[in-house]
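J.: Model the following, please.
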Amino acid sequence: MNKLKLILLWCLVVGALASCTKEDDTTPNLEAAEDYFPTTAGSNWTYGGAIQYTARVTGNTKEINGKTYFEYETQQGSTSNKSYLLKENGNYSAVGFMPNTGQMEIFILKEESIAGKPWVQEFTINGVLTTLTMSVEQKGITKTVGDKTFDDVVNVKAIYTYSYMGQDLGTEIVANYYYAKGVGLILSDFGAQGQVKLLSYEIK
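T.: A predicted model of the protein is given here:
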């Protein structure tokens, strides 16, 4: 199994929730300023590093399992993907992050989670069972990405393990995601496998 390929796939789909092409010289509105994933239509971000891609909030919504999700569109080269985000009681969940997950809801951030306390999710892609263990490691920190310093940042640690037909594939991926309030995803850090950094953004 190609570790880097799996990492970049996950980073790409996570980036669908935060990435496009304008400078960060605007002031977020009050609603967006309270979110770690702004959902205001037209908000957009651009990322670079291990991969380059852009994304934006389309302004569309989709009803999934009786709940209203906001639609995001990510563009990498000629490939475009859509995913859906819901914020409910401080929990951020997404649908459509990975191929073949259908309408599976994946929790990507829990604001009120106790630091270090994990939540575990499992899903199957092409017969491979992925176990995703996530935890909030730090809250309210300051993080510098490139030449920009962000306040009120949450660090979410993710550990990915894989098995096929009940056999552990011996692959473990550890990633750290950093989300800034009022901005979104600012950094995906995969250690020796590389980083994907926020280059520019515009929150409507």
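J.: in the sheet, who's paired with residue 106?
T.: Under DSSP bridges, the beta-bridge partners of residue 106 are residue 94.
J.: correct me, but it touches residue 121?
T.: Yes - if you go by Cβ atoms under 8 Å, residue 106 and residue 121 touch, sitting 5.9 Å apart. Placement of C-beta: from N, CA and C, glycine included.
J.: list residues touching both of the two?
T.: Residues within reach of residue 106 and of residue 121 at once, by Cβ atoms under 8 Å, 6 or more residues apart in numbering, are residue 132.
J.: okay, and for this protein, where does confidence drop off?
T.: Across the chain, the ranges flagged by pLDDT under 70 are 1-32, 97-102.
J.: So for residue 106 and residue 121, which sits in the more crowded spot?
T.: The neighbour comparison of residue 106 against residue 121 (other Cβ atoms under 10 Å) goes to residue 106, with 19 against 15.
J.: dump the residue contacts of the more buried one.
T.: 93, 94, 95, 97, 121, 123, 132.
J.: Of those, select the buried ones using a PyMOL command.
T.: PyMOL command restricting these to the buried ones, with burial defined by 16 or more other Cβ atoms under 10 Å:
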select buried, resi 93+94+95+97+123+132
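J.: Using TSV, please lay out the contacts of residue 106 together with distance to residue 67.
T.: As requested, the contacts of residue 106 are arranged in TSV below (distance: Cβ to Cβ, whole Å):
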residue	distance to residue 67
93	9
94	12
95	9
97	16
121	17
123	19
132	21
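J.: for the contacts of residue 106, which one is nearest residue 201?
T.: residue 94 (18.6 Å; Cβ to Cβ).
J.: so the closest one touches residue 104, yeah?
T.: No - proximity of residue 94 to residue 104 does not meet the contact threshold set by Cβ under 8 Å, at 9.4 Å.
J.: Share the number of residues neighbouring residue 89, please.
T.: A count of neighbours around residue 89, defined by other Cβ under 10 Å, yields 7.
J.: And residue 174, by the same measure?
T.: Tallying neighbours of residue 174 according to other Cβ under 10 Å, which is how burial is gauged here, yields 13.
J.: so residue 136 touches residue 118, yeah?
T.: No - under the criterion of Cβ under 8 Å, residue 136 lies out of contact with residue 118, with a separation of 9.3 Å.
J.: neighbour-wise, which of the two wins?
T.: Each of residue 136 and residue 118 has its neighbours counted (other Cβ under 10 Å); residue 136 has more, 21 against 14.
J.: Now the more buried one: closest residue in space, sequence neighbours ignored.
T.: With Cβ to Cβ, 6 or more residues apart in numbering as the measure, residue 113 is the residue that lies nearest to residue 136, at 4.6 Å, once sequence neighbours are left out.
J.: Burial check on the one you found, number of neighbours?
T.: Residue 113 has 19 neighbouring residues, counting by other Cβ under 10 Å.
J.: So that it lines up with my notes, have the first residue be 41 from now on.
T.: Understood, numbering begins at 41; the last thing we discussed is residue 153.
J.: backbone phi and psi for it, please?
T.: Its backbone dihedrals place residue 153 at phi -60, psi 140, with angles given as degrees, to the nearest 10.
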